[in-house]
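**Student:** coords please:
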Amino acid sequence: MFENQDKTHLEELGEFGLISHLTKNITLTQKSTVKGIGDDAAVLDHAGKKVLVSTDMLLEGIHFDLAYTPLKHLGYKAIQVNLSDIYAMNATATQVTVSIGMSSKFPLEAIEELYEGIYLACGNYNVDLIGGDTTASKQGLVISVTVLGYADESEIVYRNGAEEGDLICVSGDLGGAYTGLQLLEREKLVYLENPNIQPDLEGKDYIVERQLKPEARKDIVDLLKDMDVKPTSMIDVSDGLASEILHICKQSNKGCNLYEEKIPIDPMTYETAREFGLDPTVCALSGGEDYELLFTVKQADYDKIKFKMDFTIIGYITEPNAGCNLITKSNNVHPLKAQGWNAFGASAQ
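**Tutor:** Numbers count the residues shown, from 1 in each chain. So this is what the prediction gives:
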């Protein structure tokens, strides 16, 4: 993959030379960033705001496959999945640190491509890259991102605030990232059997992008503030809709009713799922990696949100004894089960 003899080997730069090379063009944009890269630690000043911190790690062979994941897309996605955690707290993301472990198979040009995606994501979302680490890895590529943000204490939204009668809403559409992954995995197998056959992704751009280049929903946080609507609870959809609503219900000590017919599924997601013999609803409930925002709002806010196209009302919160249920299109009631991604075992998808 990186066998071109014109490539620059990382040992030619050394660790500090690599860091200097990758960070030489960084421009800080956040007022809260007092000192970024270049000292023993970054210095931040959030002027009395509450500081939020979240960390995610991506491992080659577990979270991504370089056979079909461009490094630029991977860098972009690594930032997005972390920003999403801050937005899910109704907060503003301001800084990130990025640490990478890489094997000797990666030349400088490959790492530059990865950082192109990182810098693009930081620029698009007005976030400063303020530090990190680089090290050798014998286990493939490892990317660890820590994101920092801030919010007024009164604005922070947790998972445990849902109340009986609250409306359950979700942004965007669901299941696209999972069906995109199935498509990419199929084309990888075809390629391995016959490298002369080109990948057949025509007309599937949307679901491929949902998998390779997700976008954190900062716009939803901004929209809710503009509408003067504060969610009672919120979480991002990283492990599938069912898993996430169960997190909210468990931590809020409540039940819920979700309506299958209300779950937003893009037509391309629906058609592709059917092509693979998959139930589109199951893809939405258990697929994961959509990075949409799932949140609850008070019924009193219904008139403010009822005509918004950016998110969909898909159910409501119930008393805990009612359980967590999916109401099917045929009006049958089924208990919701978390069948999404399991980091320490096989996926139940």
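
**Student:** Can you tell me the element residue 130 falls in?
**Tutor:** strand 128-136 (DSSP states H and E).

**Student:** Walk me through which strands whichever helix or strand comes after that strand pairs with, and which way each runs.
**Tutor:** Toward the C-terminus, strand 128-136 is succeeded by strand 142-151 as the next helix or strand (DSSP H and E). Applying DSSP bridges to the sheet, strand 142-151 is found paired with strand 50-59 (antiparallel), strand 92-102 (antiparallel).

**Student:** what's the domain layout of the chain?
**Tutor:** According to automatic domain parsing, the chain comprises the domains 10-155, 167-335.

**Student:** now the shortest one, how far from the centre of its chain.
**Tutor:** Going back to what we said before, that points to domain 10-155. Chain-centre distance of domain 10-155: 14 Å, with CA atoms, centre = their mean, to the nearest Å.

**Student:** Could you dump the domains of the chain into CSV with mean neighbour count added?
**Tutor:** All C-beta atoms are positioned from the backbone trio N, CA, C, and that covers glycine. Shown next, in CSV, are the domains of the chain (neighbours: other CB atoms under 10 Å):
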stretch, mean neighbour count
domain 10-155, 18
domain 167-335, 19
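
**Student:** where's the closest residue to residue 152 other than its chain neighbours relative to residue 224, distance?
**Tutor:** Nearest residue to residue 152, sequence neighbours excluded (CB to CB, 6 or more residues apart in numbering): residue 49, at 6.3 Å. Residue 49 sits 18 Å away from residue 224, taking CB to CB, to the nearest Å as the criterion.

**Student:** Next up, identify which helix or strand the most centrally placed residue in the chain is on.
**Tutor:** Geometric centre of the chain, nearest residue: residue 81, 3.2 Å, by CA atoms, centre = their mean. Per DSSP H and E, residue 81 falls inside helix 71-87.

**Student:** Averaged pLDDT, that helix. What do you get?
**Tutor:** Average pLDDT, helix 71-87: 97.

**Student:** Then stretch 230-243?
**Tutor:** In this model, stretch 230-243 carries a mean pLDDT of 96.

**Student:** before we move on, the earlier item: now the angle between strand 142-151 and the helix holding residue 81, please.
**Tutor:** Helix 71-87 runs at 30 degrees relative to strand 142-151, counting by axes from the mean of the first three to the mean of the last three CA atoms, to 10 degrees.

**Student:** thinking residue 308 is in contact with residue 223, fair?
**Tutor:** Yes. Counting by CB atoms under 8 Å, residue 308 touches residue 223, with 7.5 Å between them.

**Student:** hey, what's in contact with both of those two?
**Tutor:** Listed contacts common to residue 308 and residue 223 are nil; contacts here mean CB atoms under 8 Å, 6 or more residues apart in numbering.

**Student:** which residues of the stretch 101-250 of the chain fall in helices?
**Tutor:** Using DSSP state H, counting those that start in this stretch, the helices of the stretch 101-250 of the chain run over 108-124, 176-193, 205-212, 218-226, 241-252.

**Student:** And the ones you listed: which comes nearest residue 28?
**Tutor:** Of all the helices of the stretch 101-250 of the chain, it is helix 108-124 that lies closest to residue 28, at 10.5 Å by CB to CB.

**Student:** Output that closest one as PDB, nothing but the C-alphas.
**Tutor:** Written as PDB, here are the backbone C-alpha positions of helix 108-124 (Å, rounded to 0.1, in the frame of the first residue of the first chain):
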ATOM      1  CA  LEU A 108       5.700  10.300   6.300                       C
ATOM      2  CA  GLU A 109       3.400  10.900   3.300                       C
ATOM      3  CA  ALA A 110       0.800   8.500   4.800                       C
ATOM      4  CA  ILE A 111       0.800  10.300   8.100                       C
ATOM      5  CA  GLU A 112       0.500  13.600   6.400                       C
ATOM      6  CA  GLU A 113      -2.600  12.300   4.600                       C
ATOM      7  CA  LEU A 114      -4.000  11.300   8.000                       C
ATOM      8  CA  TYR A 115      -3.400  14.700   9.500                       C
ATOM      9  CA  GLU A 116      -4.900  16.400   6.400                       C
ATOM     10  CA  GLY A 117      -8.200  14.900   7.600                       C
ATOM     11  CA  ILE A 118      -7.600  15.900  11.200                       C
ATOM     12  CA  TYR A 119      -6.800  19.500  10.300                       C
ATOM     13  CA  LEU A 120      -9.800  19.600   7.900                       C
ATOM     14  CA  ALA A 121     -12.200  18.500  10.700                       C
ATOM     15  CA  CYS A 122     -10.600  20.900  13.200                       C
ATOM     16  CA  GLY A 123     -11.000  23.800  10.700                       C
ATOM     17  CA  ASN A 124     -14.600  22.900   9.800                       C
END
